[in-house]
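Asker: show me the folded form of this:
(3 chains)
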Amino acid sequence: MDKELKILKYSDLSKLIERFRSKGFPVLAPVQKGKVIEIEPVDTLDTIALDVLLSTQSAKKAAFPKVEKVLEYTLEKAAVKQTAIDPNAYAETILFGVRPCDASGFKSLDAIFGEAPSDAFYLNKKEKTTIISFSCPTADDYCFCTSVGGGPGYTAGSDIQFTAISKDELLVEILTEKGKKLSGLFNDLLTDASPSIDKEKFLADVKVVFDLDKVISNTTAAFNSAELWLDQSLRCIGCGACAFVCPTCACFDFQDEQNTKKGVRLRLWDSCGFSLFTLHTSGHNPREVQSQRWRQRIMHKFSYMPEQLKVLGCEGCGRCSRACPVDMNIKEHLTSIALQ
Amino acid sequence: MNELINKVTKLLNDKTIDAFIGYGQGSTDRVRAIFARTVEQASKLIYTPACTFNLSGYLLKHEVKHLGKLGILANVAALRSIMQLASEFQIKDGEVYILFVNDDASLTEFSDFQSIEAFLEKANIDITPDEKARIEKIEAMSVSERWEFWNKEFEKCIKCYACRAACPMCYCHRCTTDVNQPQWIPVASHERGNLDYHLMRAMHLAGRCINCGECANACPMDIPLNLLTYQLIDPIKTGFGATAGMKADAVYALSTFKPDDKENFII
Amino acid sequence: MQDFEPKIVAFVCNWCTYAGADLTGTSRTKYAANVKIIRFPCTGRIDFMILMKAFENGADGIIVSGCHPNDCHYSTGNFHARRRWIVFRNLMNFTGIDTERILFSWVSAAEGFKWADVVNNTVAKIREMGPYENYNKIAVSTLLKEEVSNHE
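Answerer: Numbers count the residues shown, from 1 in each chain, chains lettered A, B, ... in the order given. The predicted model follows:
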């Protein structure tokens, strides 16, 4: 659909949350908790951290939670009885106040989980989630969205996007049918916006730091450059912080938990950075050392995904670099790959 | 700083070492570990007040070990890590070239473990007053409040294992968490999985933790994990007379005993 | 609450407490049936993770018991165990796990009556304290739908 431009008074923002909640929609939004900002269910506007740069974790958990029950089973005499979990049993949810990079991160996840055989658990949750993003008035040194095709006002993936255009007014872009439907709940609060509003004026300035095509072609060519990967990853300690805060990392693991009579199957986040990720039962590990795991992380996002799924595996949010305990800065490493 | 660069350059040139683990400029306001293998790389070494983290964990990283003979810029925490690792037979005397920057910016090189032990006897190894206050605050809570407090903290945990990866004492090739027959620690990062994991880690570090705080620094979710092991330092010291990371030939406090160990809870 | 029957798991060593519990039985001494005894070769084998598992699987209380100091069948197993219990008890206390719900004792093969007392007193105490609600909230059973704590 063609996007619709509207204006909303900042002072009416709290009414939005009230209306969503009174209709029974869960609202997930960034909440400041000590030094971290988590995406959590909220009831009122004042609990939402809207003026923060970015949440610590990405918003992916709205459709791809860290622990998810996918199956239940009981042992009856010698037979195992399985009870499937209904992937449709998920309430219509509103993801509110996230950044454009969070919203566009779902495009990569859609491609990964949508590939046959498609993943009903993710797709159903995603389908039932309406995303209201806020464009970015600020950015920091770790941001590089513009270098990977996004931007502080990037709208792909968002159903509605808000941009603060003055102290008390928000520009509302209604971008999708889903967004249009949801806006029915607060149409009376909206006024028409003049098409001449220049949204760009209110956005952060994020410089393009590398040539994406170069990164993609050089990454693909660099598979065997052991020295390059070793050089970049010597200080990597092999934790999963980068993958778990990433809006597009989608690797998962299955685990069963049970007592003697009943059990559940859980889907959990996993990371290619862990040495156990590729360990075979035989004891052989095809990615023996950390540099190979680092290569996998970069190649997957910048070579395999563009090639196989036609989407990039990176939104340039920089969360991995901020979360990294040893300062592995992906922007810096990609820049050096582009310059190879 | 120049003295450090000159020294490392010399060490690299005369092949005393093949690589030097030190601090370098990181992103924006951060400092990161760098691995100087060439004179050019050595010129990037820095030493600023921000260079406080413990580099010793890298001594056991597979790919770093394979760089050849290593040198390291150690702070007090790193020296203690090295002592503790030595007592656990992970590092041999003379295996690593150890440099230390004194308060007046001059360099001390430790020729053997004995000199490190002598140095550590006089060094300040206590946890910070702030950390002490945080522990006391938790200790002053009721049992239920403490449970609530830690449950809230562990709820944030995403099981990225950054704490384990950052800890110089967590060097096991196969951590208890990774054992799946039987599955001692649930892999899921739900409340039980997180509680089990953190209790297990704290217990396995009891008497071995050298209070460098890297676990808490590494945590992307800002969980004060260091307090778990820090609060065990005192009971182990007063109860068993043991402090981790002070002697290269120390016996691990929890793998030994005294017939007259005092307790007040066994009937 | 009145119907509450505490679930107690006892981890005991083979050589002293297990034999002591045997003696309680052969002496025809009655004691509370709430306790499920699990026999270990030695208290030195009773890892802290085993105690955690008991709470996770719905125990309201735990008894850990073995040979008196100097009486260990393997000479030093109980001395090692004692050190670890001292440390683990500290950690439990710090993380808010109720140490009142774990009883540590020395019961020899000759102390059949002491064993009955230990069990009866622990059961009475846990009965007073009620189910271990805090731990039950995160127990294995919470994931297994229908079987959410039978105390509710």
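Asker: going by C-alpha atoms from here, please, whenever you check contacts or count neighbours.
Answerer: Fine.
Asker: and the residue nearest the centre of chain A, what is it in contact with?
Answerer: The residue lying closest to the centre of chain A (Cα atoms, centre = their mean) is A:Pro247, at 2.5 Å. Shown in contact with A:Pro247 (Cα atoms under 8 Å, 6 or more residues apart in numbering or on different chains): A:Gln57, A:Ser58, A:Ala59, A:Lys60, A:Cys101, A:Asp102, A:Gly105, A:Phe106, A:Cys314, A:Glu315.
Asker: A:Gln340 versus the residue nearest to A:Ala338 when sequence neighbours are not counted, what's the distance?
Answerer: With sequence-adjacent residues excluded and distances taken as Cα to Cα, 6 or more residues apart in numbering or on different chains, A:Ala338 is closest to A:Val215, at 4.6 Å. A:Val215 is 9 Å from A:Gln340, where distance means Cα to Cα, to the nearest Å.
Asker: these two: which has the busier surroundings?
Answerer: A:Val215 (24 against 12; other Cα atoms under 10 Å in any protein chain shown).
Asker: chain center to the top strand by length along chain A: distance?
Answerer: Criterion DSSP state E: the longest strand present in chain A is strand A:67-76. Its chain's average C-alpha position is 27 Å from that of strand A:67-76, according to Cα atoms, centre = their mean, to the nearest Å.
Asker: partner strands of that strand and their direction?
Answerer: strand A:79-84 (antiparallel), strand A:262-269 (antiparallel) (DSSP bridges).
Asker: what does the shortest one contact?
Answerer: Strand A:79-84 has contacts (Cα under 8 Å, 6+ apart) with A:Val70, A:Leu71, A:Glu72, A:Tyr73, A:Thr74, A:Leu75.
Asker: and the buried ones among those residues, selectable in ChimeraX?
Answerer: The buried residues among the contacts of strand A:79-84 can be selected in ChimeraX (16 or more other Cα atoms under 10 Å in any protein chain shown) with this line:
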select /A:70,71,72,73,74
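Asker: between the contacts of strand A:79-84, which is nearest B:Glu155?
Answerer: Closest to B:Glu155 out of the contacts of strand A:79-84 is A:Val70 (20.9 Å), distances taken as Cα to Cα.
Asker: residues near A:Val264, how many?
Answerer: A:Val264 has 21 nearby residues by other Cα under 10 Å.
Asker: same question, A:Lys23
Answerer: The burial count for A:Lys23: 10, using other Cα under 10 Å.
Asker: quick one on the thing from earlier: dihedrals phi and psi, the residue nearest to the centre of chain A?
Answerer: phi -70, psi -10 (degrees, to the nearest 10).
Asker: do the worst-scoring helix or strand of chain C on mean pLDDT and chain A meet at all?
Answerer: The least trusted helix or strand in chain C, going by mean pLDDT, DSSP states H and E, turns out to be helix C:133-136, with a mean of 86. No - counting by Cα under 8 Å from any Cα of the partner chain, chain A is not contacted by helix C:133-136; separation bottoms out at 14.4 Å.
Asker: now for that helix, which elements pack on it?
Answerer: Using 3 or more Cα pairs under 8 Å, 6 or more residues apart in numbering or on different chains; DSSP states H and E, the elements in contact with helix C:133-136 are helix C:48-56.
Asker: could you point out which element follows the helix it packs on?
Answerer: Going down the chain from helix C:48-56, the next helix or strand is strand C:61-66, by DSSP states H and E.
Asker: quick revisit: ok, so of the contacts of A:Pro247, who is nearest B:His198?
Answerer: Using Cα to Cα, the contacts of A:Pro247 come closest to B:His198 at A:Gln57, 20.6 Å.
Asker: could you measure from the closest one over to chain B?
Answerer: The spacing between A:Gln57 and chain B, counted by Cα to the nearest Cα, to the nearest Å, is 9 Å.
Asker: please apply the same query to A:Glu332.
Answerer: From A:Glu332 over to chain B the distance is 8 Å, taken as Cα to the nearest Cα.
Asker: cheers, nothing more for now.
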